[in-house]
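Chemist: Generate a structure from the sequence data that follows.
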Amino acid sequence: MFPFLKGLVDPDEDRLKEVLEEKESLLKQVENLNAKLQNVTSHVSSGNSSGDALQKFINTANIPVCGFNQDMHIVQFNAKAEEIMKIKKNRVLGEHILEAFAIDPTCKEHLRTLCKDALEGKKTHDFEFSTLTGDGEEIDLLINFSTMTGEHDEIVEVLGIAQDITARKRLQIQMERATEDAKRLVEEKEMVARQWEAFIQTATAPIIGIDSNGNISHWNDKAAELTGFDTIEVLGKPLFDGYVKQTSRTSVKIVFTNALHGIVSGNFECPLQSKGGNCLDLLLNCTPHRDMSGNVIGVIAVGQDITERKKVEQEKSRVVQELQSFIDSANAPIFGIDAEGYLNEWNNKAAQITGFSRDDVLGCNFVEDLIDGAYHNSLQSVLDDALRGKETVNFEFPFYTQKNRKLNLLLNVTARKDINGDIIGVIGVAQDVTDRTVAEQEKIRVAQELQSFIDTANAPIFGIDAN
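Modeler: Numbers count the residues shown, from 1 in each chain. A predicted model of the protein is given here:
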């Protein structure tokens, strides 16, 4: 059975075993009890004993004997009868056989008929009845009758030879209950097994099973729906060679083989070929399939269709690679920092203009390790704003290259977010404006010199606008 169904498919397997063993034991005990009186009955019925010998035999018999005369009054009540009935002999001698004991009323009339038939020499059958002992305990007796004849072969006495079958009756009741319990347990087992087979077949997840030879034993409706192969098409056919993608057959077979040896495996990918030739990606959990004795007879695998998820992951990977390629090959210096300010991106252009390779700077604190101290606070403020979601554009700051040459960079920063939209860092895209800054500074210098020349000239100079 499936381990995850144990306790449902096998409601009480140990109890069932005990019940069956108990039944066998009870049958043997009943057989032994049934043979208990054979010697005594044969001896009395033969009529070959002398009176004294027969009386001695009755008195010392290991079974209860009660004799009554033609008036149905008790004339014999041996020691074993006293012991079983817990009634002294002198209390019942002379009493009517049907009135001396507390006999079950439902049995009394039938017992009366049997006593009369025996007194008339008619053949009687063994009869079971219930009665109460002297201390009120209910017991069950099985009685048969043998006749004693006089000189003229007339019947003068009937001996009721009894057997205390209380224990046997109880054993029989227990046996009947045990049989009913066994039957009920088997029926429950079969019913629950049918229910779980139906559950497996109609489950919303694909479920696949193999036998110990690797042939398909279970293929539920969902598996049929996803692959296009009907259950009847695949049952009994080899799973690995027929339906698992060729490039994955070895790894998948190892997982299923481990399960056949009792090793449970979870969350492994199994690509199946669909009927249309497409690849179906399943995420499977394998568990041993056991019989009632606990022996592994196969494997059950419960799956999840991750085909679309795999496509999304592959597309995501492709986009990430494209983005990384774009960053690395961009014609502008691009860097990235994490939430703590440590560099985790440094593209080729950044390495080219600064002289610091990617390996040189990754893991460094961008502001503290690479930026001039005069700009620590202002640039850190820009980065902190970005980490709070506020973008900054055209922030200019100086950067000193590995050879200590000053660059003027114009920076745009934006927050970097994960798949859930949480900010995890900052991306900065810079522009090297060093040459433009030098030209602007030269232009200002020339304008200042020209203004000074005009102001200090030894001749009158004036200017007009376009109007």
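Chemist: Figure out the helix or strand that residue 325 lives in.
Modeler: Secondary structure assignment for residue 325, by DSSP states H and E: helix 307-329.
Chemist: just the CA coordinates of that helix, formatted as CSV?
Modeler: Extracted C-alpha coordinates of helix 307-329, given in CSV (Å, rounded to 0.1, in the frame of the first residue of the first chain):
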residue,chain,number,x,y,z
THR,A,307,5.7,23.1,-18.1
GLU,A,308,4.4,26.7,-18.2
ARG,A,309,6.5,27.7,-15.2
LYS,A,310,9.6,26.3,-16.9
LYS,A,311,8.9,28.4,-20.0
VAL,A,312,8.5,31.5,-17.8
GLU,A,313,11.7,30.7,-16.0
GLN,A,314,13.5,30.2,-19.3
GLU,A,315,12.2,33.5,-20.6
LYS,A,316,13.1,35.2,-17.4
SER,A,317,16.7,33.8,-17.7
ARG,A,318,16.8,34.9,-21.3
VAL,A,319,15.8,38.5,-20.4
VAL,A,320,18.3,38.6,-17.5
GLN,A,321,21.0,37.5,-19.8
GLU,A,322,20.0,40.1,-22.4
LEU,A,323,19.9,42.8,-19.8
GLN,A,324,23.3,41.7,-18.4
SER,A,325,24.7,41.8,-22.0
PHE,A,326,23.2,45.2,-22.6
ILE,A,327,24.7,46.5,-19.3
ASP,A,328,28.1,45.0,-20.1
SER,A,329,28.2,46.3,-23.7
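Chemist: what distance separates the helix or strand following that helix from the centre of its chain?
Modeler: As assigned by DSSP H and E, the chain's next helix or strand after helix 307-329 is strand 334-338. With Cα atoms, centre = their mean, to the nearest Å as the basis, strand 334-338 stands 48 Å off its chain's centre.
Chemist: Strand 334-338 packs against which elements?
Modeler: In terms of contacts (3 or more Cβ pairs under 8 Å, 6 or more residues apart in numbering; DSSP states H and E), strand 334-338 is packed against strand 343-346, helix 348-354, strand 423-432. Heads up, the C-betas are built off the backbone N, CA and C, glycines and all.
Chemist: Tell me which of these lies nearest to residue 66.
Modeler: When the helices and strands packed on strand 334-338 are compared by Cβ to Cβ, strand 423-432 sits nearest residue 66, at 100.5 Å.
Chemist: circling back: so what secondary structure elements neighbour the helix holding residue 325?
Modeler: By 3+ Cβ pairs under 8 Å, 6+ apart, helix 307-329 packs against strand 279-290.
Chemist: Could you tell me the angle between the strand it packs on and helix 307-329?
Modeler: Per axes from the mean of the first three to the mean of the last three Cα atoms, to 10 degrees, the angle that strand 279-290 makes with helix 307-329 is 130 degrees.
Chemist: still on that earlier bit, show me which residues of the helix holding residue 325 are buried.
Modeler: Neighbour-count burial for helix 307-329 flags 307, 310, 327 (criterion: 16 or more other Cβ atoms under 10 Å).
Chemist: picking up where we left off before, can you tell me which of the helices and strands packed on strand 334-338 is most buried?
Modeler: Sort the helices and strands packed on strand 334-338 by mean neighbour count, taking mean count of other Cβ atoms under 10 Å, and strand 343-346 sits at the top with a mean of 21.
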